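Student: Let me see the structure of the following:
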Amino acid sequence: MSVRCLLALDNPMAVSHLCQNTGVGEQVSSDQLDIRQRCNNSLLRSWEHYGRSDTLVLCFTGIGRVDQDCPPPEFVRSATAGGRHHVLFLSDPNRSWLNEPGLVPLMQEEIARFRQACNPRRVVAMGHSMGGFSALVAPSYTTVHQVLAFAPQYSVHPDLVPDDHRWSNYRTRIKTFTIHSIADHLNSQTSYCVIHGRHGREAPQRDRFPRPPNLRHYVMPRTNHNVPQRLKALGCLPEVTALAIEGRARKLLMLMKARANASLRPAEARETP
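Tutor: Below you'll find the model as predicted:
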């Protein structure tokens, strides 16, 4: 099934004007993206976009709105870089933070098939909130060179983050945790960029994040969980996304300081033997 997305639509939370069967934008203009649905079952929904660059972006969705059967694709314009990049949009309809039995192997197969079709040189994973959590976990089951995570959770396990009660309507449905925290899934080969808000409500997740040398952790003032929306309001979401996807860490640091007044948390000191 093929649908068309307005290139101008880049709602960080979701593409608006949902198509009834696919969850992607239904408006049409002369500037269009061709986004085709690939997988549509109770465990996984996915959509593909073929670009012309040598970069593949794995774009994981957040929980979306409560009235949505399944979170639709997010960051459509930014992830595709206006149509240049190959993008595989991946959605967890059960909002399980990848804990639904059978979901990770299915995602792994879906990514492998799409990767074989577009043969990229670099693979980037990105997402917001639950999508950011999924992007951070992705390098543990598929090759990912760069991760961009907006306001991701460190964990949704009640024993690991007992002081964060957000998203409880979805978290309580998780019967068995196979993915406890992102700390168990970080590796030394992937470069990670994590951006959190400074608001106190983010502290239970933000302040538990490990900071190895290959994880750059930004904190934005006057920002809660709405990191992408704040960056969009500041007029720099596309540029932040582009620099992160391209792995241009120094230029991204300058941009985040100048436009978002963000601070970069220092990396944790390495233990000496």
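Student: Just the strands from the stretch 1-150 of the chain, written as ranges.
Tutor: 2-6, 32-40, 45-49, 55-60, 86-91, 122-128, 146-150 (DSSP state E, counting those that start in this stretch).
Student: Can you give the strand pairings for the second one, parallel or anti for each?
Tutor: Using DSSP bridges, the strands paired with strand 32-40 are strand 2-6 (antiparallel), strand 45-49 (antiparallel).
Student: got the angle for the last one vs strand 86-91?
Tutor: Relative orientation of strand 45-49 with respect to strand 86-91: 170 degrees, computed using axes from the mean of the first three to the mean of the last three Cα atoms, to 10 degrees.
Student: So for Pro101, what's the pLDDT?
Tutor: Here, the pLDDT recorded for Pro101 equals 97.
Student: So Ala79 sits against Ala242, correct?
Tutor: No - using Cβ atoms under 8 Å as the test, Ala79 is too far from Ala242 to be in contact (10.1 Å). C-beta here means a position set from N, CA and C on the backbone, and glycine is covered the same way.
Student: Those two - which one has more neighbours?
Tutor: Ala79 (25 against 19; other Cβ atoms under 10 Å).
Student: Could you report the separation of that one from Ala249?
Tutor: Here Ala79 is placed at a distance of 19 Å from Ala249 (Cβ to Cβ, to the nearest Å).
Student: Also Phe75?
Tutor: From Phe75 over to Ala249 the distance is 20 Å, taken as Cβ to Cβ.
Student: Neighbour count: the two, which is higher?
Tutor: Phe75 (29 against 15).
Student: ok, that one touching Ala242?
Tutor: No - contact criterion Cβ under 8 Å: Phe75 and Ala242 do not qualify, at 11.4 Å.
Student: returning to that earlier point: with mean neighbour count and distance to Leu231 added, can I get the strands of the stretch 1-150 of the chain in CSV?
Tutor: Shown next, in CSV, are these (neighbours: other Cβ atoms under 10 Å; distance: least, Cβ to Cβ, whole Å):
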stretch, mean neighbour count, distance to Leu231
strand 2-6, 18, 20
strand 32-40, 18, 21
strand 45-49, 22, 22
strand 55-60, 26, 16
strand 86-91, 28, 19
strand 122-128, 26, 10
strand 146-150, 28, 8
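Student: just checking, which of those comes out with the lowest mean pLDDT?
Tutor: strand 2-6 (a mean of 42).
Student: average model confidence for stretch 61-70?
Tutor: Mean predicted confidence for stretch 61-70 is 91.
Student: May I see the buried residues of that stretch?
Tutor: Thr61, Gly62, Ile63, Gly64, Cys70 (16 or more other Cβ atoms under 10 Å).
Student: same question, stretch 161-172
Tutor: For stretch 161-172, burial by neighbour count (16+ other Cβ under 10 Å) applies to Val161, Asp164, Arg166, Trp167, Tyr170, Arg171.
Student: how about those, which pair is most distant?
Tutor: The most widely separated members of the buried residues of stretch 161-172, counting by Cβ to Cβ, are Val161 and Tyr170 (14.1 Å).
Student: Brilliant, that's me finished.
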